[in-house]
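>>> curious how this folds, go ahead:
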Amino acid sequence: MKARIAAILFSLLSAGTALAQHSAEETRQDIQRHRAMAAAHEAAAKCLEAGKGEKVCYAELAVACKGLAIGKYCGMRHAH
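Just a heads-up that it's a prediction; the model follows:
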């Protein structure tokens, strides 16, 4: 019984590891997405520095990040 449970746990862990691995193309796409998100956040920071206000800057961020990340803050959120 213990051997059977161990075998089941091993197969579940192995399946999870296999799912977590990315192909070279998926990794390249992730890198591009992260760079695009970073550029969008840099633009939002510059927008705020220019004094345009949060409402305007976050609207621009939402447009720049459409399809890149989850949520209206482009995959990042922090406390205020």
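>>> quick check, Lys72 in contact with Ala59.
No - using C-beta atoms under 8 Å, Lys72 makes no contact with Ala59, being 9.6 Å away. Every C-beta, even on glycine, is put in place using the N, C-alpha and C of the backbone.
>>> so how far is Gly67 from the closest residue to Ala69 other than its chain neighbours?
Leaving out its chain neighbours, the residue that sits closest to Ala69 by C-beta to C-beta, 6 or more residues apart in numbering is Gly75, at 3.1 Å. Distance, Gly75 to Gly67, by C-beta to C-beta, to the nearest Å: 12 Å.
>>> who's more crowded, the two?
Between Gly75 and Gly67, Gly75 has the larger neighbour count (other C-beta atoms under 10 Å), namely 14 against 6.
>>> secondary structure class for that one?
For Gly75, the assignment made with DSSP: H, G, I helix; E, B strand; the rest coil gives coil.
>>> can you check Ala62 too?
Here Ala62 takes the helix state, with states given by three-state DSSP.
>>> element containing the residue nearest to it when sequence neighbours are not counted?
With C-beta to C-beta, 6+ apart as the criterion, Ala62 has its nearest non-adjacent residue at 5.5 Å, and that residue is Lys72. Using DSSP states H and E, Lys72 sits in no helix or strand.
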